[in-house]
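Chemist: have a look at this prediction, sequence included:
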Amino acid sequence: MSLTLITAADAVRNLDRFDTVIDARSESEFAEDHLPGACNWPTLNDAERQFIGTTYMQVNAFEAKKRGAALAARNIGAHIERDVIEKSRDWSPLLYCWRGGKRSGSLALVLDQIGFRVNLVEGGYKAFRAAMLQDVQARADALQFQVVCGTTGSGKTRLLHALQRAGAQVLDLEALAQHRSSVLGAIPGVPQPSQKRFDSLVWDALRRFDTTRAVFVESESKKVGNVAVPERLMDRIRQSPCINLQLPTDERVQLLLEDYAYFVANPEHFCNRLDVLTAQRGKAVVQAWKDSVGRGDLAAVVHDLLLTHYDPVYVESMQRNFSQFALALDIAPAGRSASAMDAAAGQLKELAA
């Protein structure tokens, strides 16, 4: 028998050395956030937790513990039958729950009695998250960022994808946040992760980078939709060398019509989203945009949005927030196509080598 308590800091440093990471919390807790790569083996599911909590409050603690033990034993047995029977003796999982360790401890005790090399996170998810957030700061300090800047529609995300295809290291914060990082950037039908989940996804990306090589990242705001970029990471990005990606305005308009095709397919949704700009641009301007959309002239609306709204805001933000923007390397791809972006990515990769 071998049950080992693992500190949260040690779990952060050595997460990949465990054969399986098991989250013993309920399904809703797991959905909000979990350790990268973890699987969910609830000791009590959401309905059972609510039932036990109600019993604790309305009856007494002893009755709640008896009923909780019966439910936990049944669930642990089901997990073992489903996922453990085929495991070999040298299988070594890492277990955790919220904080106190009762749910993960119950599962760990049974697995330990079977004879597996079981590891249990001291302090559970709460302690792991605190250690992880500290590690985000350390990793942000250790990395060398190259910041892809450029006005709206210049193809920053397309260039990041091209850099990935070229084998460069890329931190795609918009992909992690499931948002295009503007007032019109919400992706229809795609919910954003919770803040806790986003933090974990960012950490999981950072820990995989080689500190001796550049990491390309887009010039994001502090918030990407509803989630905030970790403060120290944001500071490091804003202090880093910049690349100024440039495309002609007509190319930018066509690129945005392609990348925001759901607005083209659903003009009513586009008009509804334009309403969020009323406070900044005024009712008359927004209504004029809506009228143009109604006539099918989305390109004209996008063109006007770029020149009168996005571009002035972007230039002011870059100059104020990115300390090396004035020294940015200008990159002008031959167009918005994948091949043009691949060529630009190859050029940047050589310069960063």
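Modeler: Received it, and whenever you're ready, just let me know what you need. Values in this document were obtained by computation on a predicted structure and should not be read as measured data.
Chemist: quick one, strands of the stretch 101-250 of the chain?
Modeler: 117-121, 144-149, 169-171, 214-218, 223-224, 227-228, 242-245 (DSSP state E, counting those that start in this stretch).
Chemist: who's in contact with the last one?
Modeler: Which is strand 242-245. 146-150, 154-156, 159, 219, 318, 322, 324-325, 327-333, 344, 348 (C-beta atoms under 8 Å, 6 or more residues apart in numbering). Heads up, the C-betas are built off the backbone N, CA and C, glycines and all.
Chemist: repeat the analysis, applying 7 Å as the threshold.
Modeler: 146-150, 154-156, 159, 322, 324-325, 328-331, 348 (C-beta atoms under 7 Å, 6 or more residues apart in numbering).
Chemist: what's the mean pLDDT across that strand?
Modeler: Mean per-residue pLDDT for strand 242-245: 97.
Chemist: listing partners with orientation, what would you give for that strand?
Modeler: strand 144-149 (parallel), strand 329-331 (parallel) (DSSP bridges).
Chemist: any low-confidence regions in the protein?
Modeler: 1, 353 (pLDDT under 70).
Chemist: ok, now with 50
Modeler: Applying pLDDT under 50 to the chain flags no residue at all.
Chemist: residues in contact with the residue positioned nearest the centre of it?
Modeler: Residue closest to the mean C-alpha point of the chain, counted by C-alpha atoms, centre = their mean, is L176 at 3.1 Å. Counting by C-beta under 7 Å, 6+ apart, L176 touches F198, L201, V202, A205.
Chemist: got a PyMOL select line for the buried ones in these?
Modeler: Typed into PyMOL, the line below selects the buried ones among the contacts of L176, using 16 or more other C-beta atoms under 10 Å:
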select buried, resi 198+201+202+205
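Chemist: closest one of the contacts of L176 to G185?
Modeler: If you rank these by distance to G185 using C-beta to C-beta, F198 comes first, at 14.6 Å.
Chemist: quick one: contacts for that closest one?
Modeler: L176, A177, V227.
Chemist: repeat for W203
Modeler: W203 makes contact with M132, D135, V136, according to C-beta under 7 Å, 6+ apart.
Chemist: format these as CSV; extra columns: distance to R252 and neighbour count.
Modeler: Output for these, formatted as CSV (distance: C-beta to C-beta, whole Å; neighbours: other C-beta atoms under 10 Å):
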residue, distance to R252, neighbour count
M132, 38, 24
D135, 38, 16
V136, 33, 20
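Chemist: need the residues you listed in TSV with distance to Q239, can you?
Modeler: Below are these laid out as TSV (distance: C-beta to C-beta, whole Å):
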residue	distance to Q239
M132	23
D135	20
V136	16
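Chemist: which of the residues you listed lies closest to V110?
Modeler: M132 (27.6 Å).
Chemist: and the gap between F270 and V264?
Modeler: 8 Å (C-beta to C-beta, to the nearest Å).
Chemist: neighbour count winner among the two?
Modeler: The residue with more neighbours, out of F270 and V264, is F270; 20 against 16, by other C-beta atoms under 10 Å.
Chemist: roughly how far out does stretch 207-217 sit from the chain middle?
Modeler: 17 Å (C-alpha atoms, centre = their mean, to the nearest Å).
Chemist: go on, stretch 17-25?
Modeler: Counting by C-alpha atoms, centre = their mean, stretch 17-25 is centred 20 Å from the centre of its parent chain.
Chemist: and that stretch, which residues are buried?
Modeler: So, applying 16+ other C-beta under 10 Å, buried residues of stretch 17-25: F18, T20, V21, I22, D23, A24, R25.
Chemist: thinking again about what came up before, R13: which of the strands of the stretch 101-250 of the chain is closest?
Modeler: Of all these, strand 117-121 sits nearest to R13, with 12.4 Å by C-beta to C-beta.
Chemist: the closest one pairs with which strands, parallel or anti?
Modeler: For strand 117-121, pairing defined by DSSP bridges yields strand 2-6 (parallel), strand 93-96 (parallel).
Chemist: okay, those strands in TSV with mean neighbour count and distance to E231 next?
Modeler: Formatted as TSV, the strands paired with strand 117-121 follow (neighbours: other C-beta atoms under 10 Å; distance: least, C-beta to C-beta, whole Å):
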stretch	mean neighbour count	distance to E231
strand 2-6	14	28
strand 93-96	27	26
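Chemist: save those as CSV, and put in distance to D291 too.
Modeler: Output for those, formatted as CSV (distance: least, C-beta to C-beta, whole Å):
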stretch, distance to D291
strand 2-6, 62
strand 93-96, 56
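Chemist: wait, which of those is closest to K126?
Modeler: Of all the strands paired with strand 117-121, the one in closest proximity to K126, counting by C-beta to C-beta, is strand 93-96 (9.4 Å).
Chemist: A328 against C149, yeah?
Modeler: Yes. Using C-beta atoms under 7 Å, A328 is in contact with C149, at 6.0 Å.
Chemist: picking up where we left off before, okay, the strands of the stretch 101-250 of the chain in CSV with distance to S194 and mean neighbour count next?
Modeler: Shown next, in CSV, are the strands of the stretch 101-250 of the chain (distance: least, C-beta to C-beta, whole Å; neighbours: other C-beta atoms under 10 Å):
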stretch, distance to S194, mean neighbour count
strand 117-121, 20, 23
strand 144-149, 25, 21
strand 169-171, 19, 22
strand 214-218, 22, 23
strand 223-224, 13, 18
strand 227-228, 8, 18
strand 242-245, 31, 22
